[in-house]
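[1] Got a sequence here, can you build the structure:
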Amino acid sequence: MTAPTTTPNTRRRNPRWSALAAAGIAAALATALVASTGTAQAAPLFGDNFDDGNHNGWSSSGGSWSVITDGSGVLRQASTGADARVRAGTASWTNYTVTARVKPTAFGTGDRLAGVAARAQGSGSYYYLGVRADGAAVLGKLAAGTHTILASAPLPVTVGTWYALSLAVNGSTLTGRVDGGSPLTVTDTQFPSGQIGLFGRYAAANFDDVGVESGPPGPTPSTPAPTTPGPTPTTPTPTTPAPTTPVPTGPVTGRADGFASVNALGQNGTTGGAGGPVVTASTTAQFLDYIARPGPYVIQVVGTITLPTGTSDGMHNVTSDKTIVGVGANAVLSGGGLNIGLPVSDTITSPPADAVHNVIIRNLHITGATDDLINVQMFSHHIWIDHNEFSNGDDGAVDIKRGSDFVTVSWNNFHDHDKTLLLSHDEDAGAQDIGRLHVTYHHNYFNRSDQRHPRVRFSDLTHVYNNYYYDNSYGVASTYDAGVLVEGNYFYSVNNPGRVEFSGDLGRIVERGNILVDCNHPIETRGAVTEPSTYYSYRLDNAADIPTIVPAGAGVGKLG
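    Residues are numbered from 1 along each chain as shown. Next up, the predicted model:
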């Protein structure tokens, strides 16, 4: 394969260059179709050059996506600290070729590449063709969060250079080309159909001239039989194709479950801003105004809002009776965090009458805070944190402390973060915390986040179920007589899935129905805990299905 000898930065949309680029992409497309099907028959299915100034119809997961001008409209992914993807098209597409021009603009750490995807089952499962920072074209697949390189070839890769990528999928045959060069061809049967996509895996990039053309029907691939993970598989195997879900176009408040649904402390469940005005925040000033107002509000967040960091360590107070919900899959809060609770006071040891309560936070990517991403404190209660993405915070991702109660943290995607979930902040906090801190954590995706999933002190009952732990240093730690039920979770490559002897006084853990794969230690158990069914009803998914269910459903852009 040969990289372009000139970069289009100085000739973008020059008529001569545009004609050459179009010809190159068309040639790559035709060549791919001939190679994979024996004929050049094709029909257009989809196209987007972003000259309309938006990326409507694309569903994103991770990263920072926006349309900018690079000679003309292009779709930019600006983050080098996220595994960022967008998807479009129809889940029923089978045999087709997706083409696009891709210009890497910066590479981060880890697996650094940018490119196109085909037969996407969701944000966590697809085939892909990308250009990688270390000088390679890579054809691979992502299955339930696990990357497998199927083929690769040397390719000079330069930041600021446009590359024409073509990925053809026909039956079980996958063919990738960069700049019309020699093909990378493999066979694989895992994904028989799915959407197209663009991605920047820890790479910032611009994308343009996306096209999809159908190929003639090829042999129907057989779908692999569901596999139940045994005691020592090397990687978790998905059991069913991940579902796709519609992207919300208006306020989505949903219905809280777990401890957030309990009738207690004068609040019957968590309803957020239901019944109040529905407002839209697209600027920093609007957002900070709405979250601080008294009374119920449903606050729709549109686009990226940068939160100030100059005061209160960049933490911004949310008042009672609020629903804060991202619209679509591109709502981002960047640079600061959200504080749910009154100012800290060690002298208050029971819930004050004005404790912050009844708050819902959904469908937001919260990233880059200089302190916590979300902090819940000072006897705040009935809080639901659901279907969000958390990354790159300076301290905790979601910290719950100082007597807070009746909280549910569900269906969130945590990645590129160290201290994930803290429940009770200190060994001297018993006066505020004992008998409180009822929290449910379920269906969260701990995607290489390091520690505290959660780290618990004093909690009367913590319910941890159906979460997917993927490559973490430790999962659950229970200390200071906290009671934790750990059930139906899937732990893959976790050094210590559960500990009761950790730091300070011993905690209590009861575990049942968990699956541990490539973990160095078992889940430590001690004592007894109260059954969550004393407080609420819930449905437990099969732990063997969690590596498929959770990556497909957790995070932003997945509210139904």
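
[2] Pretty sure V67 sits against L75.
    Yes: with contacts counted by Cβ atoms under 8 Å, V67 reaches L75, the gap being 5.8 Å. Yep, even glycine has a C-beta here, placed from its N, CA and C like the rest.

[3] More neighbours: the two, which one.
    Neighbours were counted for V67 and for L75 using other Cβ atoms under 10 Å; L75 has more, 24 against 17.

[4] rewinding a little: tell me the residues that contact both of V67 and L75, please.
    50, 55 (Cβ atoms under 8 Å, 6 or more residues apart in numbering).

[5] Low-confidence regions, the stretch 201-350 of the chain specifically.
    Across the stretch 201-350 of the chain, the stretches falling below the confidence threshold (pLDDT under 70) are 216-254, 311.

[6] any chance you could map the helices in it?
    Under the criterion DSSP state H, counting those that start in this stretch, helices of the stretch 201-350 of the chain are mapped to 284-292.

[7] what are the ranges of the strands in it?
    Taking DSSP state E, counting those that start in this stretch as the criterion, the stretch 201-350 of the chain carries its strands at 203-214, 263-264, 267-268, 278-281, 297-301, 304-306, 315-317, 322-326, 332-334, 337-340.

[8] now S166: how far from L364?
    Plainly put, S166 is 35 Å away from L364 if you go by Cβ to Cβ, to the nearest Å.

[9] More neighbours: which of the two?
    Legend: neighbour count by other Cβ under 10 Å for S166 and L364, higher for S166 (29 against 24).

[10] per-residue pLDDT, that one?
    Among the per-residue scores, S166 shows a pLDDT of 95.

[11] That one contacts V102, correct?
    No: between S166 and V102 no contact is recorded; they are 11.0 Å apart, counting by Cβ under 8 Å.

[12] Now do the shared contacts for these two.
    Counting by Cβ under 8 Å, 6+ apart, S166 and V102 have no contacts in common.

[13] coming back round to it: for E524, find the nearest of the strands of the stretch 201-350 of the chain.
    Of all the strands of the stretch 201-350 of the chain, strand 263-264 sits nearest to E524, with 30.3 Å by Cβ to Cβ.

[14] Residues in contact with the closest one: which ones?
    Taking contacts as Cβ under 8 Å, 6+ apart, the residues outside strand 263-264 that touch it are 269, 381-382, 405-406.

[15] again, only this time at 6 Å
    Contacts of strand 263-264 with the rest of the structure, by Cβ atoms under 6 Å, 6 or more residues apart in numbering, involve F406.

[16] how far away is L516 from Y469?
    Distance, L516 to Y469, using Cβ to Cβ: 9 Å.

[17] Compare the two (neighbour count), which wins?
    Regarding L516 and Y469, a neighbour count based on other Cβ under 10 Å identifies Y469 as having more, with 29 against 23.

[18] okay, and for the stretch 451-560 of the chain, where does confidence drop off?
    560.

[19] Which residue ranges of the chain form helices?
    When secondary structure is read from DSSP state H, the chain shows helices at 15-37, 284-292, 430-433, 546-553.

[20] Buried residues in the shortest one, which are they?
    Same thing as helix 430-433. With burial defined by 16 or more other Cβ atoms under 10 Å, the residues of helix 430-433 counted as buried are 432-433.

[21] what's the distance between it and the middle of its chain?
    Relative to the mean C-alpha coordinate of its chain, helix 430-433 is positioned 33 Å out (Cα atoms, centre = their mean, to the nearest Å).

[22] Tell me which other helices or strands it touches.
    Where contact means 3 or more Cβ pairs under 6 Å, 6 or more residues apart in numbering; DSSP states H and E, helix 430-433 is not packed against any helix or strand.

[23] can you tell me the average pLDDT over it?
    pLDDT averaged over helix 430-433 gives 97.

[24] same question, the longest one
    In this model, helix 15-37 has an average pLDDT of 40.

[25] Kindly report the same for stretch 400-412.
    The pLDDT scores in stretch 400-412 average 98.

[26] ok, and what's touching that stretch?
    Residues outside stretch 400-412 that contact it (Cβ under 6 Å, 6+ apart) are 256, 258-260, 262, 264, 376-388, 398, 423-425, 432, 436, 438-444, 554.

[27] Can you turn the buried part of the residues you listed into a PyMOL selection?
    Command for PyMOL, covering only those of the contacts of stretch 400-412 found buried under the criterion 16+ other Cβ under 10 Å:
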select buried, resi 256+258+259+260+262+376+377+378+379+380+381+382+383+384+385+386+387+388+398+423+424+425+432+436+438+439+440+441+442+443+444+554
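
[28] ok, now which ones touch S79?
    For S79, the contact set (Cβ under 6 Å, 6+ apart) comprises 63-64.

[29] Burial check on the closest residue to P296 other than its chain neighbours, number of neighbours?
    Sequence neighbours aside, G276 is the residue nearest to P296 in space, at 3.0 Å (criterion: Cβ to Cβ, 6 or more residues apart in numbering). Burial of G276 is recorded as 16 neighbouring residues (other Cβ under 10 Å).

[30] can you tell me how far G276 sits from G295?
    Look at G276 and G295: by Cβ to Cβ, they are 6 Å apart.

[31] if I look at L516 and Y469, which residues touch both of them?
    Counting by Cβ under 6 Å, 6+ apart, the residues touching both L516 and Y469 are F491.
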